[in-house]
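> take this sequence and fold it.
(4 chains)
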Protein chains: 2
Amino acid sequence: MSQERLRGPFVTAADIAEHAGVSRSAVSRTFTPGASVSSAVRARVLEAAGQLGYRVNRLAQSLTNARSNIVGLVGTDFHQPFHAECLATLSATLLADGFQCMLLNAANAESDMGAIIERVLDYRVCAIVVMNGTPPSHIVKECLDNGVPVILVNKPMPGFAVDTVVTDHAGGGRAAADRLLAAGCRRLAVVSSGARTASLVGRLEAFRDRAAEAGVCVRVWEEGPTDYGAGREAALTMLADDAIDGAFCVTDLLALGFLDAARLDRGRRVPDDLSVIGFDDIPQAAWNAYQLTTFRQPVRLLTNQVMQVIRQRAENPATPHAVFTLPAGLVVRMTVRGLAAQEGKP
Amino acid sequence: MSQERLRGPFVTAADIAEHAGVSRSAVSRTFTPGASVSSAVRARVLEAAGQLGYRVNRLAQSLTNARSNIVGLVGTDFHQPFHAECLATLSATLLADGFQCMLLNAANAESDMGAIIERVLDYRVCAIVVMNGTPPSHIVKECLDNGVPVILVNKPMPGFAVDTVVTDHAGGGRAAADRLLAAGCRRLAVVSSGARTASLVGRLEAFRDRAAEAGVCVRVWEEGPTDYGAGREAALTMLADDAIDGAFCVTDLLALGFLDAARLDRGRRVPDDLSVIGFDDIPQAAWNAYQLTTFRQPVRLLTNQVMQVIRQRAENPATPHAVFTLPAGLVVRMTVRGLAAQEGKP
DNA sequence: ACCCCTTTTGCACGCGCGTGCAAATACCGA
DNA sequence: TCGGTATTTGCACGCGCGTGCAAAAGGGGT
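Next comes the predicted model:
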């Protein structure tokens, strides 16, 4: 058994063909679903394969098929809770469905995203999913030219032949305004970041529009990164004067930083003095120190929709492209006045 | 230009050889570093490649080389902050070094970890990194038999020809005990989970041993998952009676849950009544609502060490296997009595 | 102009696999 | 026993690429 290994580190189909006394085609057919092999031959092949530890070389396989079943997963900031959750969910689903995930972490923001996507094209991936961040449009075009479908999550790119799966940011923003207005807040603020991505802007503008309809004007914070520290910064600055009683933070991370600074540094009582609403519903929002009322991004639904698009486009590349919009549901906790989980309204 | 595309969706080396009026070998050599091509031919090839959008097919390339430059990244619970950080850091580093990452998310604990690792073997990966969780030993053996190096992070597997990169859990546990004892705590507890992984047990036992040396006995909690909720559970139960003034939570997530329940549900003042130390130094530990004193896992160092092992073993597979132990440094914040960040000791 | 040495080029083969095609075998009814 | 059909098997080729080998081309010294 150890003598048979001489040919190389990996066992090849020719090896077990010889070992089983059949042709190499027979081996190939044994591992090809729906191919024609007698059960006797199949049995001998399987036994030899088991003994020698044979595994089909998917590299060579993909070479013949002109396409692998690898999906490229592109994104930034995978260490952030929301992105991490998306990644974990999507990768688990893809694996369960028989795909392989190639992870493309564009760590240095979008600067190198293009180069990284180009590299994965070399592996003839069957799809590229952009989970966050904005890929350069000429790269998207290059993917499409090469026949690789591109699926964008939360980043519409009008005019490109891509599939898009987005949360209803505008709906969430509008509902957030509704809730704060209903809680009696009249001095509103919205806290966003300098990133100005489509999702953040979408939430912000819908919030502002709805407030404007109600005749309430909104103070806007749009600086720095999209993280905890920036949320604190916003609160420290905006709450220096006393003019805000309701804040919509376009991200939970911002909201948690905002909450901490509001309570600990600026002495606000939440929700009595100040109501806060976030967006995403990351795990930390549910922690007892925060109990943040927020909108949940339907990660499971987003993931399933992405999967469906991938499968659909794999079997019929000519499927028309579409934008799928999924609803963001309110998760009621303790940071909005008069709106509390598990309690009657006061 | 559109007429040249007829051959198939992907442009092949033969296409641009024809287009540039040279042999296919010349094309191949143009894209092979160190090969012999005249600058005139190289220029013509590069121009044709640019026009037609040619990219070397790495699948076919790996077929010849008998090995790809894909690294398999195996793990569970990538949505947890610490694991997410490891994944983000390692994947970014690998990409920057010219490798590709194949993500293997063993979502359903270790049950399917074996099957998932086997699948990635089919892609002739050049290494497999197990970032957390325990792979079945027969699978590890199978990888090694196929000549694929296995690198384990924080999971020693004595008796296997693998490389191991671990944080000094025991050192951290011992130092944690030192700190709590120095703070005057005499009624100690250690909070762990039912997972009983090597890292958690290592921290726990070192803590208990050091306490025993000081003649202090330790109450141990070892139930449930390794998350925020379990930390709360531990505090709710253990702090029902009044007997604890110092707790070492073997994970930050546990510590944060423990802190919330201790303060909000059990009315303890931290650090006056109760000192708490965590482990990992996840971003949330630094948040103002917590300010958790904890031990930092040297993620950067772990990552660099993993990289070094991969490179080393790629160029010389016969390198002897080793265990690399990296130190865990204390991060002083506000949850240990008499030990505070940015302040003189009282 | 000639020879020798260096560099470049093309040919041909193999990497491991899937598959069309024709030969070979098995099966069945008369 | 035989003819006819259904099934199985092996051969040979191609997928896209890297590379050893020999032929061709270039360069320099006499």
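
> quick one, helices of the stretch 151-300 of chain A?
All helices of the stretch 151-300 of chain A, identified by DSSP state H, counting those that start in this stretch, fall at A:169-182, A:198-213, A:228-238, A:252-260, A:299-315.

> is the third one positioned near chain B?
Same thing as helix A:228-238. Yes. Residues of helix A:228-238 contacting chain B under C-beta under 8 Å from any C-beta of the partner chain: A:228, A:232. The way it works is simple: take the backbone N, C-alpha and C, and place the C-beta from them, glycine included.

> mind listing what's buried in that helix?
Within helix A:228-238, the residues that qualify as buried are A:228-235, A:238, counting by 16 or more other C-beta atoms under 10 Å in any protein chain shown.

> which stretch among the helices of the stretch 151-300 of chain A is buried most, on average?
Mean neighbours per residue, mean count of other C-beta atoms under 10 Å in any protein chain shown, is largest over these for helix A:252-260, with a mean of 29.

> please name every helix or strand in contact with that one.
Counting contacts by 3 or more C-beta pairs under 8 Å, 6 or more residues apart in numbering or on different chains; DSSP states H and E, helix A:252-260 packs against helix A:81-96, strand A:188-192, helix A:228-238, strand A:246-249, strand A:275-280.

> how does it look with 10 Å?
Applying 3 or more C-beta pairs under 10 Å, 6 or more residues apart in numbering or on different chains; DSSP states H and E, we find helix A:252-260 packed against helix A:81-96, strand A:188-192, helix A:228-238, strand A:246-249, strand A:275-280, strand A:293-296.

> okay, the angle between that helix and strand A:275-280?
160 degrees (axes from the mean of the first three to the mean of the last three C-alpha atoms, to 10 degrees).

> just the mean pLDDT for helix A:252-260, thanks.
Across helix A:252-260, pLDDT averages out at 98.

> about what we covered before: to residue A:33, which of the helices and strands packed on helix A:252-260 lies closest?
helix A:81-96 (18.5 Å; C-beta to C-beta).

> and that closest one, anywhere near chain B?
Yes. Shown here: helix A:81-96 in contact with chain B (C-beta under 10 Å from any C-beta of the partner chain) through A:81-96.

> now that helix, how far from the centre of its chain.
7 Å (C-alpha atoms, centre = their mean, to the nearest Å).

> angle of it against helix A:252-260?
Using the same axes, to 10 degrees, the direction of helix A:81-96 lies 150 degrees away from that of helix A:252-260.

> helix A:81-96: what's the following helix or strand?
strand A:100-105 (DSSP states H and E).

> once you drop chain neighbours, what's closest to the residue of the stretch 1-150 of chain A found nearest DNA strand D?
Here the stretch 1-150 of chain A gets closest to DNA strand D at one residue, residue A:23, 3.1 Å apart by C-beta to the nearest atom of the strand. With sequence-adjacent residues excluded and distances taken as C-beta to C-beta, 6 or more residues apart in numbering or on different chains, residue A:23 is closest to residue A:17, at 6.0 Å.

> check which residues of the helix or strand where that neighbour lies are buried.
Using DSSP H and E, residue A:17 maps to helix A:13-20. Under the neighbour-count criterion of 16+ other C-beta under 10 Å, helix A:13-20 has A:13, A:15-20 buried.

> okay, and for chain A, where does confidence drop off?
Scanning chain A for pLDDT under 70 picks out A:1-9, A:109-111, A:340-346.

> how about the closest residue in space to residue A:81 that isn't next to it in sequence, what does it touch?
Excluding its sequence neighbours, the residue lying closest to residue A:81 (C-beta to C-beta, 6+ apart) is residue A:282, at 4.0 Å. Residues near residue A:282 by C-beta atoms under 10 Å, 6 or more residues apart in numbering or on different chains: A:80-85, A:251-253, A:255-256, A:292, A:294, A:296-297, B:79.

> for residue A:327, phi and psi?
In terms of degrees, to the nearest 10, the main-chain angles of residue A:327 are phi -80, psi 150.

> residue contacts, it?
Contacts of residue A:327 by C-beta under 10 Å, 6+ apart are A:167-168, A:171-172, A:175, A:295-298, A:301.

> now swap in residue A:168 and tell me
A:174-175, A:202-203, A:206, A:295, A:297-298, A:325-329.

> that one and residue A:302: what is the separation?
For residue A:168, the distance to residue A:302 (C-beta to C-beta, to the nearest Å) stands at 11 Å.

> which residues are in contact with each of these two?
Residues touching both residue A:168 and residue A:302 by C-beta under 10 Å, 6+ apart: residue A:326.

> roughly how far out does stretch A:112-128 sit from the chain middle?
17 Å.

> and that stretch with DNA strand C, contact?
No. Counting by C-beta under 7 Å from any atom of the strand, DNA strand C is not contacted by stretch A:112-128; separation bottoms out at 13.1 Å.

> now do the end-to-end distance for that stretch.
For stretch A:112-128, the first-to-last residue distance is 16 Å (C-alpha to C-alpha, to the nearest Å).

> that stretch vs chain B: in contact?
Yes. If you take C-beta under 10 Å from any C-beta as the test, stretch A:112-128 does meet chain B, through A:112, A:115-116, A:118-124.

> cool, stretch A:99-111 as well?
Yes. Counting by C-beta under 10 Å from any C-beta, chain B is contacted by stretch A:99-111 at A:100-108.

> among those, name the buried ones.
Using 16+ other C-beta under 10 Å, the buried ones in the residues of stretch A:99-111 next to chain B are A:100-107.

> need those residues in CSV (columns: distance to DNA strand C).
Output for these, formatted as CSV (distance: C-beta to the nearest atom of the strand, whole Å):
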residue, distance to DNA strand C
A:100, 16
A:101, 21
A:102, 20
A:103, 25
A:104, 26
A:105, 30
A:106, 32
A:107, 33
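
> coming back round to it: quick one, which of the helices of the stretch 151-300 of chain A is nearest to DNA strand D?
That would be helix A:299-315 among those, by C-beta to the nearest atom of the strand, at 18.3 Å.

> so what's the gap between the closest one and the chain middle?
Worked out by C-alpha atoms, centre = their mean, helix A:299-315 lies 12 Å from the chain centre.

> quickly list the domain ranges of chain A.
In terms of domains, chain A is parsed into A:3-56, A:66-168+A:299-328, A:169-296+A:330-343 (source: automatic domain parsing).

> which one of those domains lies nearest to residue B:268?
domain A:169-296+A:330-343 (13.6 Å).
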